[in-house]
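A.B. asks: curious how this folds, go ahead:
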Amino acid sequence: MENPFKKILHNEELPEILKRKVLSDVAMIKLSIDMADLFVVKCPNTIADLLGGGRSKKDFKNKKE
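C.D. replies: Coordinates of the predicted model:
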């Protein structure tokens, strides 16, 4: 893909179309990071809490001893 920023002259303002595309790409990246955080970090922790009855790892260690 050709870099559209190389077409811009130093004194010229960025075209509105490119501004929207860049902001859209940034929003998509942020959404992807949020989704990954939700399903990789928060969801497994929630499932572990539900299956464990809300007990912490410390509670499991005390119960085994």
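
A.B. asks: can we go C-alpha only for contacts and neighbour counts from here?
C.D. replies: OK.

A.B. asks: helices of this protein, residue ranges please.
C.D. replies: All helices of the chain, identified by DSSP state H, fall at 16-37, 43-51, 57-64.

A.B. asks: the second one to helix 16-37, inter-axis angle?
C.D. replies: Right, helix 43-51. Using axes from the mean of the first three to the mean of the last three C-alpha atoms, to 10 degrees, the direction of helix 43-51 lies 30 degrees away from that of helix 16-37.

A.B. asks: what stretches of the protein score poorly on pLDDT?
C.D. replies: 8-11, 54-65 (pLDDT under 70).

A.B. asks: switch to 90 and redo it
C.D. replies: Low-confidence segments of the chain, defined by pLDDT under 90: 1-16, 18-19, 35-65.

A.B. asks: residue nearest the centroid of it?
C.D. replies: Residue closest to the mean C-alpha point of the chain, counted by C-alpha atoms, centre = their mean, is Ile33 at 1.3 Å.

A.B. asks: roughly how far apart are that one and Leu18?
C.D. replies: As judged by C-alpha to C-alpha, to the nearest Å, Ile33 and Leu18 stand 23 Å apart.

A.B. asks: and for Asp49?
C.D. replies: According to C-alpha to C-alpha, Asp49 stands 45 Å off from Leu18.

A.B. asks: ok, now Val40?
C.D. replies: Distance of Val40 to Leu18, computed by C-alpha to C-alpha: 33 Å.

A.B. asks: equivalent analysis for Ser24, please.
C.D. replies: From Ser24 to Leu18 the distance is 10 Å (C-alpha to C-alpha).

A.B. asks: burial count for Val26?
C.D. replies: When counting by other C-alpha atoms under 10 Å, one arrives at 12 neighbours for Val26.

A.B. asks: how about the one 5 residues further on?
C.D. replies: Around Leu31 sit 12 other residues, with neighbours defined as other C-alpha under 10 Å.

A.B. asks: fine by me, we can end here.
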